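In: Prediction below, plus the sequence it came from.
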Amino acid sequence: MFLRFFRCACFAGLFALLFSFSRDTAAQTKQVSVDELARASTSVVHGRTTSVRSFWTDDKHYIMTEVTIRVDNALRGSAPSETILTIPGGRVGSTLYEISDMPVFVEGEEVVVFVWEHPSGKKLVTGGIQGKLTVVEDQVSHRKVVLGMWELFNPEVVGKAGDQPAPQEMTLDEFTRRIKEIGQR
């Protein structure tokens, strides 16, 4: 039992190291700017999660999750009409295998995802939890907005002290414009 726990801990550490840009502490991924995320990504896609499937690896030591996204728009780079992401962790039966700083997807949710294609061909979420943003319809304006902007546009990350506070949300149109601008710089 201890050996299995030790292997899981080692695997979790490896994925945390691989999928984060750098580490401030052993338990926290360094926040990065939207520019850094976009530049490190093969593509940035907007779409809807159509499938979330967790499974044991062939050796039965780890749980992985495949997330299928129907791509409505590639905001940066190119993407097929359907993208399958691989994420460490997930739930199979009564076993939950969580990896800190990894995003969780829900079937049917609308998202913007920063995608990095590994040399193996697997598509991963760039920057872990920072690379997945939820899109919702604003109840008042009925416009689509991207949530989670504070982390990506945080003045401590991309600005100077005294800058205006970063927005908590941004319209999808504005977010798309900013991502496309990054590609032109």
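Out: Sure thing, it's come through. This structure is a prediction, so every number in the text was calculated from the model and none was measured.

In: show me the contacts for Leu124.
Out: By Cβ atoms under 8 Å, 6 or more residues apart in numbering, the contact list for Leu124 reads Phe19, Leu85, Thr86, Ile87, Val115, Trp116, Glu117, His118. Glycine gets a C-beta too; all of them are placed from N, C-alpha and C.

In: Need the buried ones from those residues selected in ChimeraX.
Out: Selection of the buried residues among these in ChimeraX, burial being defined by 16 or more other Cβ atoms under 10 Å:
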select :19,85,87,115,116,117
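
In: Closest one of the contacts of Leu124 to Asn73?
Out: Val115 (13.0 Å; Cβ to Cβ).

In: so what's that closest one scoring on pLDDT?
Out: Looking at Val115, its pLDDT reads 97.

In: repeat for the one 10 residues further on
Out: Per-residue confidence (pLDDT) for Val125: 96.

In: is it true that it touches His118?
Out: No: using Cβ atoms under 8 Å, Val125 is not in contact with His118, being 11.2 Å away.

In: Tabulate the contacts of Leu124 (a markdown table), appending distance to Arg39 and secondary structure.
Out: Output for the contacts of Leu124, formatted as a markdown table (distance: Cβ to Cβ, whole Å; DSSP: H, G, I helix; E, B strand; the rest coil):
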| residue | distance to Arg39 | secondary structure |
| --- | --- | --- |
| Phe19 | 16 | helix |
| Leu85 | 19 | strand |
| Thr86 | 22 | strand |
| Ile87 | 21 | strand |
| Val115 | 13 | strand |
| Trp116 | 11 | strand |
| Glu117 | 14 | strand |
| His118 | 17 | coil |
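
In: What does Ile179 show for phi and psi?
Out: Note on Ile179: backbone dihedrals following degrees, to the nearest 10 are phi -60, psi -40.

In: So which helix or strand of the protein has the lowest pLDDT on average?
Out: Every helix and strand of the chain was ranked by mean pLDDT, DSSP states H and E. The lowest is strand 23-25, at a mean of 35.
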